[in-house]
Every structure is written in C-alpha cells, then in structure tokens.
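**Q** I need the structure of the sequence given here:
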Amino acid sequence: MNVVWSEKARTSLADIYDYISQDNPADADKVLEALLLKAESLNDPRVEHPVDPVLNTPKYRYILQ
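**A** Coordinates of the predicted model:
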C-alpha cells in the first residue's frame, strides 16, 4: 500500500505543527514525527488497519489510536 497525502492533509499537518510550535517547538517536532510514523505504518503489511467504513473499499484504511 502506498500512502498518499492530500493537499488538505499536508496543510492540516503543517497547521498542527505551527500551532504546537508556538508554545513548544520541541514538542511540535515530536508530534510531527509521531504522526508521520503512524502514517508510514500504513505501508507495513504486517500491521492491520481497518477499512474505512464510510468508503468501504480496501484501498482506503485508517489508523485507530
């Protein structure tokens, strides 16, 4: 599976980073890294992620937290 970030997702990720970094840049780096690692886990066939129930196709998965 190949993870593809939409423009909206990339913008949201940048907004999250910017918001956190206003108070604590080090924490913003940690959160960004954690989110990127979670997204990359979608590429790992050993990790099972559920099919998105709204789209209901194996092509689209989501991460439970």
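**Q** Against residue 29, how distant is the residue lying farthest from the centre of the chain?
**A** Centroid-distance maximum for the chain: residue 23 at 21.9 Å, with Cα atoms, centre = their mean. Distance from residue 23 to residue 29, counting by Cβ to Cβ, to the nearest Å: 13 Å. Placement of C-beta: from N, CA and C, glycine included.
**Q** tell me the SS of residue 2?
**A** Here residue 2 is recorded as coil under DSSP: H, G, I helix; E, B strand; the rest coil.
**Q** List phi and psi for the residue farthest from the centre of the chain.
**A** The phi/psi pair for residue 23 (degrees, to the nearest 10) reads phi -100, psi -30.
**Q** Could you tell me which residues make contact with it?
**A** Residues near residue 23 by Cβ atoms under 8 Å, 6 or more residues apart in numbering: none.
**Q** which residue is nearest the middle of the chain?
**A** Nearest to the mean C-alpha position of the chain, by Cα atoms, centre = their mean, lies residue 39 at 4.1 Å.
**Q** what about it, distance to residue 16?
**A** In this view, residue 39 and residue 16 are 13 Å apart by Cβ to Cβ.
**Q** In this protein, what residue spans correspond to helices?
**A** Using DSSP state H, the helices of the chain run over 7-23, 25-40.
**Q** so can I have a markdown table of those showing distance to residue 59?
**A** Converted to a markdown table, those look like this (distance: least, Cβ to Cβ, whole Å):
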| stretch | distance to residue 59 |
| --- | --- |
| helix 7-23 | 16 |
| helix 25-40 | 16 |
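**Q** out of those, nearest to residue 47?
**A** Residue 47 lies closest to helix 25-40 among those, at 10.0 Å (Cβ to Cβ).
**Q** Check which residues of the closest one are buried.
**A** Under the neighbour-count criterion of 16 or more other Cβ atoms under 10 Å, helix 25-40 has 28, 31, 32 buried.
**Q** check contacts around the second one.
**A** The neighbourhood of residue 31, defined by Cβ under 8 Å, 6+ apart, consists of 16, 17, 20.
**Q** Let me see the confidence value for the closest residue to the residue nearest to the centre of the chain other than its chain neighbours.
**A** Once flanking residues are discounted, residue 39 sits nearest to residue 3: 5.4 Å by Cβ to Cβ, 6 or more residues apart in numbering. Residue 3 carries a pLDDT value of 83.
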